[in-house]
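**Q** got a predicted structure plus its sequence, pasted below:
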Amino acid sequence: MPEYATLGCVQSHRPPPSLLTRRLIVVVGKGGVGRTVVSCALALLAARSGRRVLLAQTKSKDRLGQLFGVRRSFQEIQPVLDNLWAVNMTPEAALREYGIMVLRSAFIYRQVFERDIVRAFLRAIPGLLDYSMLGKVWYHTTEEIGGRPRFDLVIMDAPATGHSVTLLRIPEVILDTVPEGPLTGPARACHELLTDPARCQMFPVTLAEDLPVTETIQLYGLLRNHGFPVGPVVVNRLYPPRFGAGVSALALDALERASDLGPLEPLVQSARLLRQRAALNEQHLRRLEAALPLRQIHLPYLFVPEFGFEAIEELGRRLEGQVEDPPT
Ligand SMILES: Nc1ncnc2c1ncn2[C@@H]1O[C@H](COP(=O)(O)OP(=O)(O)OP(=O)(O)O)[C@@H](O)[C@H]1O
Ligand SMILES: [Mg+2]
């Protein structure tokens, strides 16, 4: 497998798509719908348009190496391509980093957080431990090197639906419950970032299928209720719209009426299946459109034997031109 990092990154001279000029994009959605591959494709597109991007995964399956075609472990921030870095955060490692940052001392951190009693306490409140990952993400949006941001854009590949809402709400919960102190300053800044549409957008990813669409509609309601700006909805793995209209549809209709198709039978069956899948997709796209005031970004089902860098590049190309703010 080629080491794409050593090949460098082909940069376009076009300005970045407007939605990718935010500081933070949070990719949310139901388990398995493609949050990780969409995060990678967005990150690649942004990096190629000249933005310095950090892709931050939240305790995901370790697949970044395979998706970017590099042999590397992403427990810590690693360079992937020109302008693109990635990390697969774990709560424990993020807590150490974030704790040291908030307490401004590795010594105090060890004294406080590495005591068994504190560890047990943190484990008993899973949201609090997870908050360290969100804190780390926020921190990287503020980091500067030589007077300029270390990263122009951070893309967070968030956990699956319910878990991500709990996670995103923690800064607000801290502000409501914890007295003013070392935790509240970063929590306030993080909450302000997460609720500022000029700096942050949530990108729900879904499939145009029954359960994912239902869950996306519910997720949108939850996110909006808590004041999070929701960007376009990415509809992934769409079947090609074949045999739905025009000459091909008429031909399939005629073949279906024929009494004996002989060896053509399996072909006609496959075409019928494709037509049914595309029609189902279409029906759920309309449901989404009716329920959500969001622009839709459409990504095709890629029929590839192995989902790797070429597929991410293809999805990145498909995203181009679709990740723009709506005209005002
Ligand atoms: N557009 C696509 N075409 C074909 N296959 C796809 C497409 N998008 C994603 N997949 C496949 O779907 C699977 C799930 O994708 P991905 O890992 O990005 O989902 P996820 O939402 O991050 O899942 P998890 O909840 O496990 O983190 C992957 O194995 C990938 O190969
Ligand atoms: Mg994932």
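**A** Sure, I can see it. Ligands and ions are numbered 1, 2, ... in the order given.

**Q** and stretch 187-202, how far apart are its ends?
**A** 18 Å (CA to CA, to the nearest Å).

**Q** quick one, strands of the stretch 1-150 of the chain?
**A** For the stretch 1-150 of the chain, the strands defined by DSSP state E, counting those that start in this stretch cover 24-29, 53-58, 78-81, 84-89, 144-145, 148-149.

**Q** could you give the bridge partners of V234?
**A** Beta-bridge partners recorded for V234 (DSSP bridges): V205, I297.

**Q** what distance do you get for it to ligand 2?
**A** Look at V234 and ligand 2: by CB to the ion, to the nearest Å, they are 13 Å apart. C-beta here means a position set from N, CA and C on the backbone, and glycine is covered the same way.

**Q** so how many other residues sit close to that residue?
**A** 27 (other CB atoms under 10 Å).

**Q** same deal with G185?
**A** 11.

**Q** what's the answer for Q296, then?
**A** Neighbours around Q296, by other CB under 10 Å: 15.

**Q** what sits against it?
**A** Q296 makes contact with 232-235, 285, 288-289 under the criterion CB atoms under 8 Å, 6 or more residues apart in numbering.

**Q** just A158 next, same as before
**A** By CB under 8 Å, 6+ apart, the residues touching A158 are 26-28, 35, 58, 164, 167-168.

**Q** and those residues as TSV, adding distance to A47 and neighbour count?
**A** Output for these, formatted as TSV (distance: CB to CB, whole Å; neighbours: other CB atoms under 10 Å):
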residue	distance to A47	neighbour count
V26	18	29
V27	15	27
V28	21	29
R35	18	30
T58	20	25
S164	24	26
L167	25	22
L168	25	25
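
**Q** residues near the residue of the stretch 1-150 of the chain found nearest ligand 2, how many?
**A** Using CB to the ion, the single residue of the stretch 1-150 of the chain nearest to ligand 2 is T36, 3.3 Å away. Using other CB under 10 Å, the number of residues around T36 comes to 22.

**Q** my guess is it contacts R63. True?
**A** Yes: with contact defined as CB atoms under 8 Å, T36 reaches R63; the gap is 6.5 Å.

**Q** so which residues on the protein come close to ligand 1?
**A** Residues of the chain lying close to ligand 1 (CB under 6 Å from any ligand atom) are 31-37, 60, 160, 236-237, 299, 301-302, 307.

**Q** can you spell out which helices and strands pack onto the biggest helix by length in the chain?
**A** Ranked by number of residues, the top helix in the chain under DSSP state H is helix 265-291. Packing contacts for helix 265-291, counted by 3 or more CB pairs under 8 Å, 6 or more residues apart in numbering; DSSP states H and E, involve helix 210-225, strand 233-238, helix 246-257, strand 296-300.

**Q** least reliable of those by average pLDDT, please.
**A** Sorting these by mean pLDDT places helix 246-257 lowest, at a mean of 79.

**Q** and the contacts of that helix?
**A** 242-243, 261, 264, 268, 271-272, 275.

**Q** list the contacts for the residue in the stretch 201-328 of the chain that ligand 1 sits nearest to?
**A** Closest residue of the stretch 201-328 of the chain to ligand 1, CB to the nearest ligand atom: F307 (3.3 Å). By CB under 8 Å, 6+ apart, the contact set of F307 is 37, 66-67.

**Q** can you select the buried ones from these in ChimeraX?
**A** In ChimeraX, a selection of the buried entries from the contacts of F307 looks like this (16 or more other CB atoms under 10 Å):
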select :37,67
